[in-house]
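Participant: can you look at this prediction? I've put the sequence above it.
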Amino acid sequence: MDDKDWIAGAAKALAIIEAFDEEHARMTPTMVASRAGLSRTAARRYLLTLRELGYVDTDGKLFWLAPRVLRLGQSYLESARLPRTVQPFLQRITATVQETALVAILDEHDVVYVARNGVNRAMAVGFVLGSRAPAPLSSAGLVLLAFQAPESIDQWLASYPIKVFTPHTYATVERLREVLGEIRRNGYVVTDQQLELGVRGVAVPLRDRHGAVVAAISVSMPIGQESASGALQRVLPTLQETASLLRNLV
């Protein structure tokens with residue numbers, strides 16, 4: 001990008017918004033400055049501007065994000081072509097296999113769910129539109145990682161901070177690399193209890209007409225009494241057929 005086209009103020013304002021997360025929901029300007037890489041004075045000015053625009057609130061000491069921030073994500077969901085294109089196909093998946101169907105894309109270390117259909121049955125983790133999860137903890141995320149270029153996978157694994165949520169979570173880079181290789185060879189993945197006990201996921205890559213992987217289609221379900229092989233036999237053909245039908249549409 002040409003330096004003359006770079007608007008530093010826009011980048012800094014977005015850095016302020018992205019500084020907030022679950023562990024940093026309410027912060028002082030000093031805390032925001034540290035997380036956004038700005039001076040305290042600059043952070044305070046941006047926070048006050050964002051408050052005036054309705055994107056943050058404050059009690060005079062602490063600042064936090066306001067509901068208006070949700071408009072940014074909603075604008076993507078309403079304007080992007082992918083969510084609109086896949087939605088009827090997700091409805092078909094749910095009607096066929098009676099499970100929640102989702103489409104996700106990769107955003108740095110996370111997957112973001114941009115389309116879904118169905119109801120999560122007796123599961124604490126409910127992937128709603130716009131929700132995020134660490135990529136290796138979801139079937140969709142593993143598929144998206146597996147079909148990157150080998151050098152990109154190496155860089156991603158080198159920068160990923162391992163997060164363990166259950167006794168079944170892939171807890172080492174070596175194990176993750178092994179799993180990604182298996183996915184690339186098989187063309188699909190079935191995962192059990194990576195993020196939440198009792199939950200299984202099955203996913204396949206969604207390719208565009210040029211063969212590039214642009215998203216992942218997955219289903220999420222309670223494990224119950226069904227074996228992994230039984231779940232795979234039940235839902236994989238529908239996922240693969242859907243991915244094939246969408247290939248010339250995304």
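Facilitator: Here it is on my side, so go on.

Participant: please enumerate residues in contact with the longest helix seen in the chain?
Facilitator: Using DSSP state H, we find that the single longest helix of the chain is helix 228-246. Helix 228-246 has contacts (C-beta atoms under 8 Å, 6 or more residues apart in numbering) with 85-86, 89, 92-93, 96-97, 99, 187-188, 190, 192, 200, 202-207, 217-219, 221, 223, 226. In this view, the C-beta of every residue, glycine as well, is placed from N, C-alpha and C.

Participant: let's see that with 7 Å instead.
Facilitator: Helix 228-246 has contacts (C-beta atoms under 7 Å, 6 or more residues apart in numbering) with 86, 89, 92-93, 96-97, 99, 188, 190, 192, 200, 202, 204-206, 217, 219, 221.

Participant: now stretch 29-47
Facilitator: K12, A13, A15, I16, A19, H24, V56, F63.

Participant: now the second one: closest residue in space, sequence neighbours ignored.
Facilitator: Across the structure, with C-beta to C-beta, 6 or more residues apart in numbering as the measure, the residue nearest A13 apart from its sequence neighbours is Y46 (5.7 Å).

Participant: Serialize the contacts of stretch 29-47 to a markdown table and add fields for distance to A171, secondary structure and pLDDT.
Facilitator: Listed next are these as a markdown table, based on distance: C-beta to C-beta, whole Å; DSSP: H, G, I helix; E, B strand; the rest coil; pLDDT from 0 to 100:
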| residue | distance to A171 | secondary structure | pLDDT |
| --- | --- | --- | --- |
| K12 | 37 | helix | 94 |
| A13 | 37 | helix | 95 |
| A15 | 31 | helix | 95 |
| I16 | 34 | helix | 96 |
| A19 | 29 | coil | 95 |
| H24 | 25 | strand | 95 |
| V56 | 37 | strand | 96 |
| F63 | 36 | strand | 97 |
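
Participant: what strand or helix carries the residue nearest to A13?
Facilitator: helix 40-53 (DSSP states H and E).

Participant: dump that helix to PDB, restricted to CA.
Facilitator: Output of helix 40-53 as PDB, limited to C-alpha atoms (Å, rounded to 0.1, in the frame of the first residue of the first chain):
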ATOM      1  CA  ARG A  40      -2.100   7.600  27.000                       C
ATOM      2  CA  THR A  41      -3.000  11.000  25.700                       C
ATOM      3  CA  ALA A  42      -3.700   9.600  22.200                       C
ATOM      4  CA  ALA A  43      -5.800   6.700  23.600                       C
ATOM      5  CA  ARG A  44      -7.900   9.100  25.700                       C
ATOM      6  CA  ARG A  45      -8.600  11.300  22.700                       C
ATOM      7  CA  TYR A  46      -9.600   8.400  20.600                       C
ATOM      8  CA  LEU A  47     -11.800   7.000  23.400                       C
ATOM      9  CA  LEU A  48     -13.500  10.300  23.800                       C
ATOM     10  CA  THR A  49     -14.100  10.600  20.100                       C
ATOM     11  CA  LEU A  50     -15.500   7.100  20.000                       C
ATOM     12  CA  ARG A  51     -17.800   7.900  22.900                       C
ATOM     13  CA  GLU A  52     -19.100  10.900  21.100                       C
ATOM     14  CA  LEU A  53     -19.800   8.700  18.100                       C
END
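
Participant: which SS state does H168 fall under?
Facilitator: When classified by DSSP: H, G, I helix; E, B strand; the rest coil, H168 comes out as coil.

Participant: state the number of residues packed around it.
Facilitator: Per other C-beta atoms under 10 Å, the neighbour tally for H168 reads 14.

Participant: quick one: it from Q233, how far?
Facilitator: Note on H168: its distance to Q233, by C-beta to C-beta, to the nearest Å, is 21 Å.

Participant: go on, S138?
Facilitator: Counting by C-beta to C-beta, the gap from S138 to Q233 is 21 Å.

Participant: neighbour-wise, which of those two wins?
Facilitator: S138 (29 against 11).

Participant: state the pLDDT value of the nearest residue to that one once chain neighbours are set aside.
Facilitator: Among residues not flanking S138 along the chain, V111 sits closest, at 5.4 Å (C-beta to C-beta, 6+ apart). Per-residue pLDDT puts V111 at 94.
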